[in-house]
Structure formats: structure tokens, C-alpha cells
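Trainee: Sequence first, predicted model second:
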Amino acid sequence: MAYLSIMHIRRVIFDYGGWSMDCTTFLMPLVSRLSSLGFCYKDGCEDPKDLLDEQEKRKLVDKPTLLEILSYTSFPGSNICGPFFE
């Protein structure tokens, strides 16, 4: 998240209003997906009666493997549907 913020600030300073593509184009969806994955994993550690229905549906009880994380973050269909989906 800090790297993404630094890259946005760098872009504003050196190429404000420009049309060039930089690495933030690919970092923003990655940060969104990893953030949603972290929140779903946190919900899996909570008491089920304290969760909302939506949180209960999307909670992760077991820690995902590296292969599962990489497949979730780099699934090409998610780029078509939007930044992320659960």
C-alpha cells in the first residue's frame, strides 16, 4: 500500500495530466484483491454470531495456500468483471 501511494505521488509530480501507463495500473487491482482477501480471512477468525450475513458467506476459515492466493490475484476473468469480486 505504501509503494502504491509513493508511485501515485511520483506520478503527480513528474507526469501530472499525462497519458502514459505506469505500474499503478496493475497495482491498484492487486491491492484491492489482497485487501478483500485479508478482510475475509479476518472474518473467519471472528465469532460467527458477531458477523453479518454477507460476512458469514465470504469468510475464510483456513489460511489459503500460495497457489490459491496467486490464482485469486491473477485470474484474468476478474479484470473483465471489475477490480475484484468475492
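Mentor: Thanks, I have the structure now.

Trainee: Could you tell me which helix of this structure is the longest one?
Mentor: Identified as the longest helix of the chain according to DSSP state H is helix 24-45.

Trainee: how distant is stretch 50-61 from the center of its chain?
Mentor: Here stretch 50-61 shows a centroid-to-chain-centroid distance of 18 Å under the convention Cα atoms, centre = their mean, to the nearest Å.

Trainee: ends of it, how far apart?
Mentor: Distance between the two ends of stretch 50-61: 15 Å, counting by Cα to Cα, to the nearest Å.

Trainee: List the buried residues of it.
Mentor: For stretch 50-61, the buried set under the neighbour-count rule, 16 or more other Cβ atoms under 10 Å, comprises 55, 59-60. Backbone N, C-alpha and C define where each C-beta goes, glycine included.

Trainee: go on, stretch 30-39?
Mentor: Within stretch 30-39, the residues scored as buried using 16+ other Cβ under 10 Å are 31, 33, 36-37.

Trainee: Pick the one among those closest to C45.
Mentor: Nearest to C45 out of these is L37 (Cβ to Cβ; 13.5 Å).

Trainee: now that closest one: how far from L67?
Mentor: Between L37 and L67 the computed distance is 14 Å (Cβ to Cβ, to the nearest Å).

Trainee: where in this protein is pLDDT low?
Mentor: 79-86 (pLDDT under 70).

Trainee: at 80 what do you get?
Mentor: Residue ranges of the chain with pLDDT under 80: 1, 20-21, 23-26, 76-86.
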